[in-house]
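Asks: Need the 3D shape of this:
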Amino acid sequence: MRKAELLKNKIVNTDHLKGLIESWKLQHKKIVFTNGCFDLLHLGHIDYLMKAADLGDKLVIGLNSDHSTKCLKGPTRPINNEESRSAILAALFFVDVVVLFDDETPYNLIDLVKPDILVKGSDYHVEDIAGADIVKAEGGEVRLIDFLPGYSTTAIEKKIKNS
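Replies: Reported below is the predicted structural model:
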């Protein structure tokens, strides 16, 4: 299979994702889920996603759509469109699947996946994480990962504007 096809196959819709999840669960794979905008991918993102991937067998990334990102981050974001952001994430060898979501939170997507582990950055409190209730009710766990200091898309954006 050509590399472009491999990359394309890692970007799925919710119907395809549902089939993958069912298959992985039958194989007793530990599914890890995280989400975000991942607008300008930087070392902090890579570090966070690698640590998330290390927690299980399959890493599912819920990616905020362009509309969802704009609602969360403001009118100047995203800088990169959803097609670009999803392809960049899918190109990472430790990412198994990327799925776009258009809602304000990934709650419905988490309900579909019912991951074994839900991961967010340590700037969150577990009780404030969308879908934490679903994961806990299914016997899963919510894990917080520290960010690599000094890296953020907002800081990169400011640096570019000030150059």
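Asks: hey, let's count contacts and neighbours off CA atoms from now on
Replies: Noted.
Asks: And for stretch 132-150, what's in contact with it?
Replies: Stretch 132-150 is contacted from outside by 43-44, 47-48, 51-52, 110-111, 114-124, 126, using C-alpha atoms under 8 Å, 6 or more residues apart in numbering.
Asks: Ends of it, what's the gap?
Replies: Across stretch 132-150, the terminal residues are separated by 27 Å (C-alpha to C-alpha, to the nearest Å).
Asks: Next, the buried residues of the helix or strand harbouring residue 133.
Replies: Using DSSP states H and E, the element containing residue 133 is helix 132-137. By 16 or more other C-alpha atoms under 10 Å, the buried positions in helix 132-137 come out as 132-136.
Asks: Tell me the one among the residues you listed nearest to residue 154.
Replies: Of all those, residue 132 has the smallest distance to residue 154: 26.2 Å, by C-alpha to C-alpha.
Asks: ok, then the element right after the longest helix belonging to the chain?
Replies: The longest helix of the chain (DSSP state H) is helix 14-26. Remark: after helix 14-26, the chain's next helix or strand is strand 31-36, criterion DSSP H and E.
Asks: Measure how that following strand sits relative to helix 14-26, angle-wise.
Replies: Interaxial angle, strand 31-36 versus helix 14-26 (axes from the mean of the first three to the mean of the last three C-alpha atoms, to 10 degrees): 150 degrees.
Asks: Check which element follows strand 31-36 along the chain.
Replies: Heading C-terminal from strand 31-36 (DSSP H and E), you reach helix 43-53.
Asks: Residues contacting whichever helix or strand comes after that following helix, please?
Replies: Counting by DSSP H and E, the next helix or strand C-terminal to helix 43-53 is strand 58-64. Residues outside strand 58-64 that contact it (C-alpha under 8 Å, 6+ apart) are 29-38, 52-53, 82, 86, 94-103, 106, 109.
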